[in-house]
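Asker: the sequence and its predicted three-dimensional model are supplied below.
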Amino acid sequence: MAWTTAKWRAVVLDFLERAGWSAGEVFFATLLAGGTAASVTNLPWAYSLTLAASAAVSSIILTALQYLAKQTNLSFWPDLLVRLAKTFLGSLSASFAAAKVFDIATFHWSAALNVAVLATLAALGKGLLARQPAILATPAGAPVSVPAGAPVSVPAGAPATAPAGAAAPAEAAAATVPAAQANPSTLPTHTYVEAVKP
């Protein structure tokens, strides 16, 4: 099935959102791992930027693999767990890429793991804070409760508002809201749903 322009746009935005957050989380985790006793000028800015760029590239690669495996339309907790694992792996791979030589004996594992854990905790916090509530589908013809004074789409000649707690006309209820699950993305729900739907 060919993708529409809206689908391509949503997928590109999904890739950018995931890569951007991964880069930001690794960047700040690297600065935090550098210590709070250091002055602003002594923080590892260049190293942090290198790790952030590498984490963004890792995120793009891991997200591409996720799309190729068609494992994108996940419920909230599995999606969040996949994002946490990708952040951890992306941070570690960024540390490997930033190392001068891939030498296990001289590689600073504790620093790399500290950065990876901090970035993963940041990803967990972001995912929980960005959780968007599920939108439940309304069956066609079911009564819809409308707040007082809220506009309702109805045929010409019918009242434009419904009293508080009253059911909206059946014509207004016939237009159903598509179901969307809760997700850890900071994209608007409709964009996220468009990106991850099969």
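Answerer: On my side now, so go ahead.

Asker: residues touching residue 52, list them.
Answerer: 23-24, 26-27, 30, 94 (CB atoms under 8 Å, 6 or more residues apart in numbering). For every residue, glycine as well, the C-beta is placed using N, CA and C.

Asker: please disregard the earlier target; I meant residue 79.
Answerer: Here residue 79 is in contact with 183-184 (CB under 8 Å, 6+ apart).

Asker: so which bits of the helix or strand hosting it are buried?
Answerer: Take DSSP states H and E as the rule and residue 79 turns out to sit in helix 76-98. For helix 76-98, a neighbour-count test (16 or more other CB atoms under 10 Å) marks 76, 79-80, 82-84, 86-95, 98 as buried.

Asker: widest-spaced pair of the contacts of residue 52?
Answerer: Using CB to CB, the two most remote members of those are 24 and 94, lying 12.6 Å apart.

Asker: give me the domain ranges for this structure.
Answerer: The chain resolves into domains spanning 5-134+183-196, 138-176 when parsed by automatic domain parsing.

Asker: with mean pLDDT added, can I get those domains in TSV?
Answerer: Compiled in TSV, the domains of the chain are given as follows (pLDDT from 0 to 100):
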stretch	mean pLDDT
domain 5-134+183-196	88
domain 138-176	52
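
Asker: can you say which of these is packed in most?
Answerer: domain 5-134+183-196 (a mean of 17; mean count of other CB atoms under 10 Å).

Asker: how long is that one end to end?
Answerer: End-to-end span of domain 5-134+183-196 (CA to CA, to the nearest Å): 14 Å.

Asker: mind listing which of the contacts of residue 52 are in helices?
Answerer: 23-24, 26-27, 30, 94 (DSSP state H).

Asker: which of those sits closest to residue 49?
Answerer: Residue 49 has its nearest neighbour among the ones in helices among the contacts of residue 52 in residue 27, at 6.9 Å by CB to CB.
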